[in-house]
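Visitor: Next comes the sequence, and after it the predicted model I'd like to discuss.
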Amino acid sequence: SITQNPAVVLQQVVNRAGSSTLMPGGQPGVLITATPSPVVFGEAVTFSVSVVPNPALNNTGVPTGNVQFYDLGNPIGTPQPLGPSGGVQVATLTGYTGLSQGAHVITAGYLGDANFAPSSSAAQNLSIGKDPTLTVLTVPSTPAPVYGAQITLTAQVCGLAPGSTTVCAGTPGSGLPNMLPSGPTGTVTFYDGAVQPANIIGTAPLNNAGTANLSVVLQNPPFLNVGATTSVVGAHNIIAVYNGDGNFGTSTYTPPLSNLTIGKGNTTAAVVSSANPSVTGQTVTFTATINAPNSQAAPPTGSVNFLDGGVVLGTAAVVVNGGIASATLTVPSGVVAALSVGSCQSGTPTPACHVISVTYTGDVNYNTSSSPLAAPGALIQIVNKASTTTTIQSSSNASQVGQQITLIATVTVNSPGGGAPTGTVQF
């Protein structure tokens, strides 16, 4: 008899074929495409990688699926699908702008499919440089800057994204290609005339709009005196320097001509009297106050002329006390010609009234000014007649009938008046 053996079943195991993650052209690695080169922060970078069957194992077929790109092992972007390109399967991450300034190590990992196993590329070094910037300075010209006034210097710092719209704000607009993920940060330093420590006006931080605002008083310091003068009044070249940050390079705004002209500060003058009305010969002290409206700098200095109409009574130096600039002039009792007897009717000056005024002569920082010469506002000094006392004496008292005697009348000026009375005495 013949015995038949059971049928033999062969189980064939088919493993996934190996794959290689290559640069286009068959070389291991990742192809970085950037225009222009070198790459700077914010510039769009394109990463491309080829996935082919492992040639060492004689594998054949067409890999499918996705590739994930990495920077120092951290995923960048989303997995990108493989697609045919030049006879091989290529995955491309296009327009990636998320790399910060500095050194990066880029790799690609094929995630595999039903027929091909995962594989990783060799590392590709990539250096991202700082993005260039543009700094623009705005110096206010209206109202006209004057000594002691406070102004605001404003610098706008913009990141210059290669091949795209300039980005000046901290958050770029939408819908524009190759936009920077963020704008410049850090500080801007302002200089007067030259970029050196002695010329620093001040430093201000950039806000979210990419601007730095520095409010400063026009005085020394922080501004420098002009030429050989002892004042900041005159022309200045204000320079703004962006100091850069981790992703953005420095930039400097230098004006072609002077961009700030500081004028003298304006002043007002007023005068008051220690005694008004006064009497003939009375000592009177006039006090002038010199104000510099809106000035936050040192008060005015110099001198003040005191006048009675067109007659100069005297000149006094300005003294600063408690931040108030003033000058005083005391007219002694002997100056009776300047403050002689006058009359005023209903407060309206007449030729006999005394219109006291002051003129501030100015200094290197402040303009001249004068007090009002007419009502309202003028100082009308009324000088009344001084009161007197008359005494009489006899040359011989207890005289006899028919004896000749001499009567002597003495007229004295009562305080606070002064001087020597003239005229006649009626006996």
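Guide: Arrived safely. These numbers come from a predicted model, not from an experiment. Numbers count the residues shown, from 1 in each chain.
Visitor: could you dump stretch 202-213 to PDB, C-alpha only?
Guide: What follows is stretch 202-213, C-alpha atoms only, in PDB (Å, rounded to 0.1, in the frame of the first residue of the first chain):
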ATOM      1  CA  GLY A 202      19.300 108.800  27.700                       C
ATOM      2  CA  THR A 203      18.100 105.300  26.900                       C
ATOM      3  CA  ALA A 204      14.600 104.100  26.400                       C
ATOM      4  CA  PRO A 205      13.000 100.600  25.900                       C
ATOM      5  CA  LEU A 206      11.200  99.600  22.800                       C
ATOM      6  CA  ASN A 207       7.500  99.100  23.200                       C
ATOM      7  CA  ASN A 208       5.200  96.500  21.500                       C
ATOM      8  CA  ALA A 209       4.900  98.900  18.500                       C
ATOM      9  CA  GLY A 210       8.700  98.900  18.000                       C
ATOM     10  CA  THR A 211       9.100 102.500  19.200                       C
ATOM     11  CA  ALA A 212      11.300 104.000  22.000                       C
ATOM     12  CA  ASN A 213      10.100 107.300  23.500                       C
END
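Visitor: centre of the chain versus it, how much separation?
Guide: 10 Å (CA atoms, centre = their mean, to the nearest Å).
Visitor: Can you list the buried residues in that stretch?
Guide: Buried residues in stretch 202-213, counting neighbours by 16 or more other CB atoms under 10 Å, are found at 204, 206, 210-212. From N, CA and C alone the C-beta is placed, and that goes for glycine too.
Visitor: can I get these in TSV with secondary structure and distance to Thr187?
Guide: TSV is the format used below for these (DSSP: H, G, I helix; E, B strand; the rest coil; distance: CB to CB, whole Å):
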residue	secondary structure	distance to Thr187
Ala204	strand	7
Leu206	strand	7
Gly210	coil	12
Thr211	strand	12
Ala212	strand	7
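Visitor: For stretch 384-403, output the C-alpha coordinates as CSV.
Guide: Listed next in CSV are the C-alpha coordinates belonging to stretch 384-403 (Å, rounded to 0.1, in the frame of the first residue of the first chain):
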residue,chain,number,x,y,z
ASN,A,384,1.3,161.8,48.0
LYS,A,385,2.6,164.9,49.8
ALA,A,386,4.4,164.1,53.0
SER,A,387,2.8,165.5,56.2
THR,A,388,4.8,168.1,58.1
THR,A,389,4.9,169.5,61.6
THR,A,390,5.5,173.3,62.1
THR,A,391,6.8,174.7,65.4
ILE,A,392,7.3,178.4,66.2
GLN,A,393,9.8,180.1,68.5
SER,A,394,10.3,183.7,69.6
SER,A,395,13.7,185.4,69.8
SER,A,396,12.7,187.0,73.1
ASN,A,397,9.9,185.7,75.3
ALA,A,398,8.3,187.9,78.0
SER,A,399,9.3,190.9,75.9
GLN,A,400,8.2,194.6,76.7
VAL,A,401,5.8,196.7,74.8
GLY,A,402,7.4,198.0,71.7
GLN,A,403,10.3,195.6,71.8
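Visitor: quick one, strands of the stretch 101-250 of the chain?
Guide: Listed in chain order, the strands of the stretch 101-250 of the chain (DSSP state E, counting those that start in this stretch) span 102-110, 119-120, 124-128, 133-138, 150-159, 187-192, 200-205, 211-217, 234-236, 238-242.
Visitor: To clarify, my last question referred to the stretch 301-427 of the chain.
Guide: According to DSSP E, counting those that start in this stretch, the strands that the stretch 301-427 of the chain contains are 303-308, 311-317, 319-321, 324-331, 354-360, 369-370, 379-381, 383-384, 388-394, 407-413.
Visitor: Tabulate those (TSV), appending distance to Thr422, mean neighbour count and mean pLDDT.
Guide: Output for the strands of the stretch 301-427 of the chain, formatted as TSV (distance: least, CB to CB, whole Å; neighbours: other CB atoms under 10 Å; pLDDT from 0 to 100):
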stretch	distance to Thr422	mean neighbour count	mean pLDDT
strand 303-308	22	21	94
strand 311-317	22	14	92
strand 319-321	39	11	96
strand 324-331	21	18	93
strand 354-360	21	23	91
strand 369-370	35	18	96
strand 379-381	22	21	86
strand 383-384	16	20	80
strand 388-394	11	10	92
strand 407-413	9	13	90
